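# Okay, predicted coordinates and the sequence, questions at the end:
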Amino acid sequence: MRSAVGPLRKIAIGAGAAALLGASTLLVAAPAQAAGPGHCTVNPIAGTGAFSECGGSLVWHQVHVRCWAWWNWTSSYERWGQPAFGGYHSETACDLPFSMQAWYVESW
């Protein structure tokens, strides 16, 4: 005799995976933000981190992200990427997947 739990478990796992995939697609598809001098952009990476770059300009830039705190979901913390020059990437990420709240680039 077959149990009804097996098919229900497969449906629940499939629905959960589809929800996570849909959320990651929305987060990745967010438009790049521009800030400061040098035509710099910041691009999210799967809702977990971000990288910045400046197109052909000779400026310093640094990516900045704000993440949900995994130890207290009502608070957040911030991370800065390494300073980078021109077309080189500045990159950083949150501790947990899909926990990034905001991202931007500062350039000088």
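Perfect, I can see it now. Remember, it's a predicted structure, so these values are computed and weren't measured experimentally. Numbers count the residues shown, from 1 in each chain.
# Now do the contacts for W70.
95-96, 99 (C-beta atoms under 8 Å, 6 or more residues apart in numbering). From N, CA and C alone the C-beta is placed, and that goes for glycine too.
# before we move on, what about Q82?
So Q82 contacts 62, 90-92 (C-beta under 8 Å, 6+ apart).
# Surely P97 is in a strand?
No - looking at P97 with DSSP: H, G, I helix; E, B strand; the rest coil, it is coil, so not inside a strand.
# Now whichever strand or helix holds V63: buried residues?
For V63, the enclosing helix or strand under DSSP states H and E is strand 60-68. Buried residues in strand 60-68, defined by neighbour count with 16 or more other C-beta atoms under 10 Å: 60-65, 67-68.
# Quick check: the farthest pair among those?
Distances among the buried residues of strand 60-68 were taken as C-beta to C-beta; the most separated pair is W60 and W68, at 28.6 Å.
# can you redo the buried residues of strand 60-68 as CSV with distance to F85 and pLDDT?
Output for the buried residues of strand 60-68, formatted as CSV (distance: C-beta to C-beta, whole Å; pLDDT from 0 to 100):
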residue, distance to F85, pLDDT
W60, 6, 93
H61, 8, 95
Q62, 10, 96
V63, 13, 97
H64, 17, 97
V65, 20, 98
C67, 26, 97
W68, 31, 95
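# Pull up the gap between S99 and E78, please.
Using C-beta to C-beta, to the nearest Å, S99 is found at 12 Å from E78.
# Which residues are in contact with each of those two?
C67.
# ok, these two, which is more surrounded?
Set S99 next to E78 and count neighbours by other C-beta atoms under 10 Å: S99 wins out with 20 against 12.
# Now for the nearest residue to that one once chain neighbours are set aside: which residues touch it?
Nearest residue to S99, sequence neighbours excluded (C-beta to C-beta, 6 or more residues apart in numbering): W68, at 4.4 Å. Applying C-beta under 8 Å, 6+ apart to W68 gives the contacts 75-76, 94, 96, 99, 101.
# One more pass at 7 Å, please.
76, 99, 101 (C-beta atoms under 7 Å, 6 or more residues apart in numbering).
# just those now: which is nearest C54?
Nearest to C54 among those, with distances taken as C-beta to C-beta, is Q101, at 23.8 Å.
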